[in-house]
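**Student:** this one's structure only:
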Ligand code: DC
């Protein structure tokens, strides 16, 4: 079974997608991490963020892997280097939506994501999974939450990593990223017509999971390839 989970930053996608994959015994793929890796490498290598062709090269050639760990927090590796924390740093978060708008970057990552999804039995999380990457996914979920709740979640995550940013600054950054992600021409953030929409603002992780599992049970895997 392929489950597509989309939604804006801070809507709870990563937490929910990871926990759902564990519950249903599916593999988890964080497609946002791929866009973040391209952004990190571009910043480190001084690749101009306007250069579609050079960013496309990075996206095609990067050796990115996801490795599960015993405590179930997947690590993101580029070659042998662990970039799990580096791809979440504030500068990458600020710039990633610019990189994600490039045609060649999207083409390269779409190809990789579809190759991974071809193995089946996966929860994919991102912005365009239900609309572009896996338009025939057996279950599509679109998560939302108020900007205030989303900024609070991000602030708490960053504080756990020892990074302090004001609530207002985070809320502004999230709204800017939302408008870039949903306003771009290519594969914009959008709810698929057949997606189940869940507002997670006032729900616990378990409540959201229960709702999704109910929908999953009602959706028997269909015929053919979902991506
Ligand atoms: O989920 P995230 O915040 O880690 O995603 C980082 C950025 O990557 C986000 O601003 C938009 C982009 N993205 C995308 O364009 N398409 C995806 N499928 C996943 C992420």
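**Tutor:** Yep, that arrived. Since we're looking at a predicted model, the values are computed, not measured. Numbers count the residues shown, from 1 in each chain.
**Student:** separation between residue 99 and residue 138?
**Tutor:** Applying Cβ to Cβ, to the nearest Å, the value for residue 99 to residue 138 is 30 Å. In short, each C-beta sits where N, CA and C put it, glycine included.
**Student:** those two: who's more crowded?
**Tutor:** Ranked by neighbour count (other Cβ atoms under 10 Å), residue 99 and residue 138 place residue 99 first, with 24 against 16.
**Student:** can you tell me how far residue 36 is from the ligand?
**Tutor:** For residue 36, the distance to the ligand (Cβ to the nearest ligand atom, to the nearest Å) stands at 6 Å.
**Student:** in which helix or strand would I find that residue?
**Tutor:** Assigned by DSSP states H and E, residue 36 belongs to helix 31-44.
**Student:** could you check which helix or strand contains residue 125?
**Tutor:** Using DSSP H and E, residue 125 sits in strand 122-126.
**Student:** that strand close to the ligand?
**Tutor:** Yes - Strand 122-126 is in contact with the ligand by Cβ under 6 Å from any ligand atom, via residue 126.
**Student:** list the strands paired with that strand, with their directions.
**Tutor:** Each strand paired with strand 122-126, and its direction, by DSSP bridges: strand 2-6 (parallel), strand 27-30 (parallel).
**Student:** any idea which of those is most buried?
**Tutor:** strand 2-6 (a mean of 28; mean count of other Cβ atoms under 10 Å).
**Student:** show residues contacting that one.
**Tutor:** 13, 16-17, 20, 24, 26, 117, 120-131, 133-134, 137-143, 189-192, 195, 212, 216, 226-227 (Cβ atoms under 8 Å, 6 or more residues apart in numbering).
**Student:** for the record, mean pLDDT for it?
**Tutor:** The average pLDDT within strand 2-6 is 97.
**Student:** tell me what the next helix or strand after that strand is packed against?
**Tutor:** Remark: after strand 2-6, the chain's next helix or strand is helix 13-24, criterion DSSP H and E. Judged by 3 or more Cβ pairs under 8 Å, 6 or more residues apart in numbering; DSSP states H and E, the packing partners of helix 13-24 are strand 2-6, strand 27-30, strand 122-126, strand 139-144, helix 205-218.
**Student:** need these in JSON lines (columns: distance to residue 94).
**Tutor:** Output for the helices and strands packed on helix 13-24, formatted as JSON lines (distance: least, Cβ to Cβ, whole Å):
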{"stretch": "strand 2-6", "distance to residue 94": "21"}
{"stretch": "strand 27-30", "distance to residue 94": "19"}
{"stretch": "strand 122-126", "distance to residue 94": "19"}
{"stretch": "strand 139-144", "distance to residue 94": "22"}
{"stretch": "helix 205-218", "distance to residue 94": "27"}
